[in-house]
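Peer 1: give me a model of this one.
(4 chains)
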There are 2 protein chains.
Amino acid sequence: MNLELLFENFSKHIQLTEAEKAIVAALAVERKVKKGQFLVHVGAICRSTHFVTKGAIYSYFTDLAGDSHIVQFAVEDWWISEMKSFFMQVPARFNVQALEDSTIIEFPFETLERLYAQVPKIERYFRIITINGFITFQDRIVQNMSMTVEERYLAFHQKYSKLELRFPQKMIAEYLGVSAEFLSKVKKRLAEKEMGK
Amino acid sequence: MNLELLFENFSKHIQLTEAEKAIVAALAVERKVKKGQFLVHVGAICRSTHFVTKGAIYSYFTDLAGDSHIVQFAVEDWWISEMKSFFMQVPARFNVQALEDSTIIEFPFETLERLYAQVPKIERYFRIITINGFITFQDRIVQNMSMTVEERYLAFHQKYSKLELRFPQKMIAEYLGVSAEFLSKVKKRLAEKEMGK
DNA sequence: CGTCTATTTGAATGTACTCAAAAGCGGTGG
DNA sequence: CCACCGCTTTTGAGTACATTCAAATAGACG
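Peer 2: Take a look at the predicted model:
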């Protein structure tokens, strides 16, 4: 099991001793998932939180009209789970699914609680990355309220160019909250503007 | 200074000893603000996080077109601040302003960091309430992506009836991401439906 | 290769917005 | 305590941004 990426990520926010790293290593579970496989199903309880070391994962839900909406993307070095389901141990509202064959490191709910007790710095780490997630969703609200689809797409394109190369355009549309057809038109319009220069 | 409400809120997630409460009490700062007064200005750095013990506060921003958008409401027993500005100590993107004469308990940034070291349970508390905030913003994204204005208003009405009584309808519209005029029409339509029953 | 899904394109439609004006309401001062 | 002023809310007409539906094209996967 390769925990390098995870420890590197930890080190951005906290400094772990070798002894503490050993405790984490003893509790971490590596798992490989095939393309299309689900990590979490709507209605089930999300038992673990997932750190991606290889591949690409996304979470989404389907509304009453049958339309899908992407909640979150995750590639290498990102965490993903159904937060509400995981932390409150209630039925999941979103699916979490693999876009590609992927490798993840998992921490089951009870394990994480024990880890907080044994290594309080880990609790600090999760407080900090939760703040980052909070800010990300807040930004998304801000953008949805104050920007046109074109502006939102451009912001996404600049901030997440890596994701745009990996996830199909349809999913980008489902993330931005716009129909796939309209996103296609917006991109065309932008390309024409670019030509005109 | 009345810390009852704050300690009661703490007790929902962590159990503090009397000694620990004393440490918190020694660091907490009470502040009274008049209606209309700002706790945070756009462009300034948000130095404290605020717990409301009396009154009503809201955070908002004004976009390039001059339209206002509400980011968060807060009344008694709620926390409010400009999260990104506070935790990263960068210029604020939102204003935080008092709707009514209010009383708040403040924790400056450095104080909170010291408090985490002295009372690790406090770090746990803030991890948990940040998760709750994360989930709230995630829910808002989900609703904005999959529900009509009418449905979003009804969800708000049911979940936050307390807020609806206190904040002007215009601000509810700015929170839901809808024009004040259209929200008025939606409410009229709903009232007519209600009559027709 | 052949099939299935994603993307593109166009036409018609709709939900929500903008602009404008009237009505309602609350706060403030005389 | 009433009257006035300013802001909020309502209402209507016209408009726009984005959607839906439909069909053609392109691309990916087995």
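
Peer 1: across the sheet, point out what pairs with the residue nearest to residue A:162 when sequence neighbours are not counted.
Peer 2: Excluding the flanking residues, the one nearest residue A:162 by C-beta to C-beta, 6 or more residues apart in numbering or on different chains is residue A:75, at 6.7 Å. To be clear about C-beta, it is placed using only N, CA and C from the backbone, and glycine gets the same treatment. Applying DSSP bridges to residue A:75 gives these bridge partners: residue A:56.

Peer 1: ok, how many other residues are close to residue A:75?
Peer 2: Counted with other C-beta atoms under 10 Å in any protein chain shown, the neighbours of residue A:75 add up to 20.

Peer 1: contact partners for it?
Peer 2: Residues counted as contacts of residue A:75 (C-beta atoms under 8 Å, 6 or more residues apart in numbering or on different chains) are A:52, A:55-57, A:162-163, A:166.

Peer 1: likewise residue A:44?
Peer 2: Residue A:44 is in contact with A:85, A:91-92, counting by C-beta under 8 Å, 6+ apart.

Peer 1: nearest to DNA strand D, of those?
Peer 2: DNA strand D has its nearest neighbour among these in residue A:92, at 24.5 Å by C-beta to the nearest atom of the strand.

Peer 1: quick check: residues of chain A near DNA strand C?
Peer 2: The interface of chain A toward DNA strand C, taken as C-beta under 7 Å from any atom of the strand, is made up of A:168-170, A:180-181, A:183-185, A:187-188.

Peer 1: mind checking the SS state of the closest residue to residue A:91 other than its chain neighbours?
Peer 2: Nearest non-adjacent residue to residue A:91, counting by C-beta to C-beta, 6+ apart: residue A:43, 5.1 Å away. Three-state call for residue A:43 (DSSP: H, G, I helix; E, B strand; the rest coil): coil.

Peer 1: my read: residue A:43 touches residue A:90, true?
Peer 2: No - between residue A:43 and residue A:90 there is no contact under C-beta atoms under 8 Å: 10.4 Å.

Peer 1: for the residues of chain A next to DNA strand C, pick the one with the most neighbours.
Peer 2: Greatest neighbour count in these, by other C-beta under 10 Å, goes to residue A:183: 20 neighbours.

Peer 1: and that one, how close does it get to residue A:168?
Peer 2: Separation of residue A:183 from residue A:168 (C-beta to C-beta, to the nearest Å): 11 Å.

Peer 1: okay, whichever residue of chain A sits closest to DNA strand D: pLDDT?
Peer 2: Residue nearest to DNA strand D within chain A (C-beta to the nearest atom of the strand): residue A:182, separated by 3.1 Å. For residue A:182, the model assigns a pLDDT of 98.

Peer 1: also residue A:196?
Peer 2: According to the prediction, residue A:196 has pLDDT 65.

Peer 1: try residue A:168
Peer 2: For residue A:168, pLDDT reads 97.

Peer 1: does the longest helix along chain A reach DNA strand D?
Peer 2: The helix that spans the most residues within chain A, counting by DSSP state H, is helix A:120-146. No - Helix A:120-146 lies out of reach of DNA strand D by C-beta under 7 Å from any atom of the strand, never closer than 9.8 Å.

Peer 1: that helix and chain B, are they touching?
Peer 2: Yes - remark: helix A:120-146 sits within contact range of chain B at A:120, A:123-124, A:126-127, A:130-131, A:133-135, A:137-138, A:140-142, A:144-146, by C-beta under 8 Å from any C-beta of the partner chain.

Peer 1: still on that earlier bit, just the ones of the contacts of residue A:44 in helices?
Peer 2: Per DSSP H, the contacts of residue A:44 map to helices at residue A:85.
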